[in-house]
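Trainee: have a look; sequence and predicted model below, questions after that.
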Amino acid sequence: MAEMKDAHVVVEIPVDEEHQQKKQTALCSAIEHHPLMEISRSPGHLLLLKLWQREEELFGRRIAAKETRLDFIRREIFQLCCFFFTFHAFFFTVLFTSDSGDACRKWWIPSAVSACTSLFIAFLVQLKLCRFWKMSRQLQRERNDGRAVTRCIQELRMKGESFDLSKEPLQIGKRMKSSSVEIKWRPLTWCSQYAVTVGLVCFAGLLFPASRFIVCS
């Protein structure tokens, strides 16, 4: 009886090889039918994917270059505005400290100098602003086209061989643009874009009679 109590019973559980084979078969089937595997087997889809990836990279480079250029133009406009106010501060300081004498009769000379300088700087600022907004519109188009290409790449990776090869990113870009169109009043848009130039011209108009007041006082 003691020997029977100390004996250990070993039970062997047979491994279900058929179940493992089914799991491996399902896994292989899932990998085989994965969209990326389908793309790798299809020369047309693989070539299209590579072309769109290269195009996406080119869009990224062009967008980065335009953003850098826009930042440079912003700094140029800021520097011109700083020069505008620095010039007038120095100009009116000279008028205040100068001996008026008979200068009141020729008050129009400093006024003309101030007005011409102001208009010249405002003209330069306007040129920079025109270039800025033109490049800004180009940048917006580049971003829309880049997003369209990215969407096509994502859709191609998800669908695999079922993706329509006749689809073009430009069609998606046009749909995205049409869905985001906003109705804007053109004069209000122009004033908002060129508010800096308008402000400089108005400031110059106020300073023109101020020269006479300073000289003749």
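Mentor: Yep, it's here.
Trainee: number of nearby residues for Ala148?
Mentor: Around Ala148 there are 23 other residues, counting by other C-beta atoms under 10 Å. For glycine as for every other residue, the C-beta is placed from the backbone atoms N, C-alpha and C.
Trainee: just the one 10 residues further on next, same as before
Mentor: Using other C-beta under 10 Å, Met158 is surrounded by 11 other residues.
Trainee: host element of it?
Mentor: With secondary structure defined by DSSP states H and E, Met158 is part of helix 108-159.
Trainee: again, but for Leu80
Mentor: helix 43-97.
Trainee: for the closest residue in space to Leu207 that isn't next to it in sequence, give me its contacts.
Mentor: Among residues not flanking Leu207 along the chain, Ser114 sits closest, at 5.6 Å (C-beta to C-beta, 6 or more residues apart in numbering). Ser114 makes contacts with 88, 91, 204, 207-208, 211, as judged by C-beta atoms under 8 Å, 6 or more residues apart in numbering.
Trainee: just the buried residues of the residues you listed.
Mentor: 88, 91, 204, 207, 211 (16 or more other C-beta atoms under 10 Å).
Trainee: which one in these is the model shakiest on?
Mentor: Among the buried ones among the contacts of Ser114, Ser211 carries the lowest pLDDT, at 73.
Trainee: ok, that one to Trp108 distance?
Mentor: 8 Å (C-beta to C-beta, to the nearest Å).
Trainee: nearest to Leu49 among the buried ones among the contacts of Ser114?
Mentor: Proximity of the buried ones among the contacts of Ser114 to Leu49 was ranked by C-beta to C-beta; the top entry is Ala204 with 57.3 Å.
Trainee: so what's the closest residue to the closest one other than its chain neighbours scoring on pLDDT?
Mentor: Using C-beta to C-beta, 6+ apart and skipping residues adjacent in sequence, the residue nearest Ala204 is Ser118, 3.3 Å away. pLDDT for Ser118: 90.
Trainee: pretty sure Ser118 sits against Leu207.
Mentor: Yes. At 6.9 Å, Ser118 counts as touching Leu207 under the criterion of C-beta atoms under 8 Å.
Trainee: joint contacts of these two?
Mentor: By C-beta under 8 Å, 6+ apart, Ser118 and Leu207 have these common neighbours: His88.
Trainee: please list all residues in contact with Arg62.
Mentor: Arg62 neighbours (C-beta under 8 Å, 6+ apart): Glu142.
Trainee: and it, how far from Phe90?
Mentor: 42 Å.
Trainee: what's the answer for Val125, then?
Mentor: 19 Å.
Trainee: same deal with Arg141?
Mentor: Counting by C-beta to C-beta, the gap from Arg141 to Phe90 is 43 Å.
Trainee: what's the answer for Leu51, then?
Mentor: 58 Å.
Trainee: then Phe96?
Mentor: 11 Å.
Trainee: Lys50 too?
Mentor: Counting by C-beta to C-beta - Lys50 and Phe90 are separated by 60 Å.
Trainee: same question, Ile214
Mentor: Counting by C-beta to C-beta, the gap from Ile214 to Phe90 is 14 Å.
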